[in-house]
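1. build the 3D model from these lines:
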Amino acid sequence: MDRVAALRRVGLVVLGVNALLALAKGGVYVSTGSLAVGSEAVNSLGDAVYSLVIVAGLYVTTQPPDEVHPHGHERIEPFVSLFVALGLFAAGGAVLWQSLEAALAGGTTGAPGVLAVAVLAGGAGAKYLLYRYCLRAAEVHRSPALRAAALDNRADILTALAALAGVLGASVGLPVLDPLAGAVVALGILYTGLDIVRDNVAYLVGAAPPEDLQDEIVARALSHPDVEGVHDVVAHYVGPEIDVSLHVEVEGKRTVREAHDIETAIVATIGDIDEVDDVFVHVDPRELGEWKDGERVGPDRGEFGEAD
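-> Have a look, this model is predicted:
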């Protein structure tokens, strides 16, 4: 299945599961009055709303390039993730306020019962499956929005378990544990929002990729048998993808066609890295004195074979 179809399918699955969980938890909250279950219902409702945003956002980001966006629409995806984070901050803040008020009042009244335990345990199981599903899809298709969804589902596992502990505590005569569990759920929601912001800000401000990926870029350039060194390497995020520019050092007595072939080969091998989008190579001939001995990286023969 291609990336477009896969991303849209994952978005719809996440939306459907979160909507069902929100309905189930909301129904149990109405019947039991448990704040732990209620906070989980709010959490799942927020998940359903942001899942709808993800579905719409992925539809936009998977559109083909056009005259207005010649590089495609993938760079919009980090903004979708940040919108998810804003929704999580709002939901987490509301749940935390309600839970603290209830805790100061002495806790909730009544016993949540078996139904509350069942819906929270089932929700934790469903969230674990969604976490694994979204994480794998995010890794395969390099999707910040799906990674945000995976992180949210991972946090939801812990918050569901915290809510379950609160429900069980209220059932054995410790009603204050129910709103306290709701507060833990709220903190988990807020932390997930912060995690998503931290991940996606790097995509928007042009941060450098991980060091091991930068090393791979340099190694691939140096693996060409005609390249004596590499300098002025700049790799940075443009949305979820990476743009690369670098200078390669070659002997100058070459035809334009030979220089072109060297450049084309390096662009191709660096472009084969999944995360890389555009590659720009400048060829520096020795005779022009542009080689920078203090910054050069020695040749490391690899993909293109041994030097002559």
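
2. how far off centre is stretch 144-154?
-> 6 Å (C-alpha atoms, centre = their mean, to the nearest Å).

3. low-confidence ranges in the stretch 51-200 of the chain?
-> 57-58, 60-66, 68-75, 77, 98, 102, 105-112, 178 (pLDDT under 70).

4. let me redo that: the stretch 201-308 of the chain
-> Across the stretch 201-308 of the chain (using pLDDT under 70), the flagged ranges come out as 287-308.

5. residues contacting the spatially closest residue to residue 274 that is not a sequence neighbour?
-> Closest residue to residue 274 apart from its sequence neighbours, by C-beta to C-beta, 6 or more residues apart in numbering: residue 142 at 6.4 Å. (Each C-beta comes from the backbone N, C-alpha and C, glycine too.) Residue 142 sits next to 240-241, 274-275 when contact means C-beta atoms under 8 Å, 6 or more residues apart in numbering.

6. going through the residues you listed, which ones are buried?
-> Buried by 16 or more other C-beta atoms under 10 Å: 240-241, out of the contacts of residue 142.

7. turn the contacts of residue 142 into a markdown table, columns for secondary structure and distance to residue 67.
-> Listed next are those as a markdown table, based on DSSP: H, G, I helix; E, B strand; the rest coil; distance: C-beta to C-beta, whole Å:
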| residue | secondary structure | distance to residue 67 |
| --- | --- | --- |
| 240 | coil | 22 |
| 241 | strand | 20 |
| 274 | coil | 27 |
| 275 | coil | 26 |
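
8. closest to residue 230 out of the contacts of residue 142?
-> residue 275 (18.8 Å; C-beta to C-beta).

9. tell me the spacing between the closest one and residue 144.
-> 12 Å (C-beta to C-beta, to the nearest Å).

10. all strands for this protein, in order.
-> Here the chain has its strands, by DSSP state E, at 229-238, 241-250, 276-285.

11. next, format those as CSV and append distance to residue 191.
-> Putting the strands of the chain into CSV (distance: least, C-beta to C-beta, whole Å) gives the following:
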stretch, distance to residue 191
strand 229-238, 23
strand 241-250, 27
strand 276-285, 31
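
12. so which of these is the most packed in?
-> strand 241-250 (a mean of 21; mean count of other C-beta atoms under 10 Å).

13. sheet partners, orientation included, of it?
-> With DSSP bridges as the test, strand 241-250 is paired with strand 229-238 (antiparallel), strand 276-285 (parallel).

14. quick one on the thing from earlier: would you tell me which of the strands of the chain gets closest to residue 169?
-> strand 229-238 (45.0 Å).

15. with adjacent residues omitted, what lies nearest to residue 234?
-> With sequence-adjacent residues excluded and distances taken as C-beta to C-beta, 6+ apart, residue 234 is closest to residue 245, at 4.9 Å.
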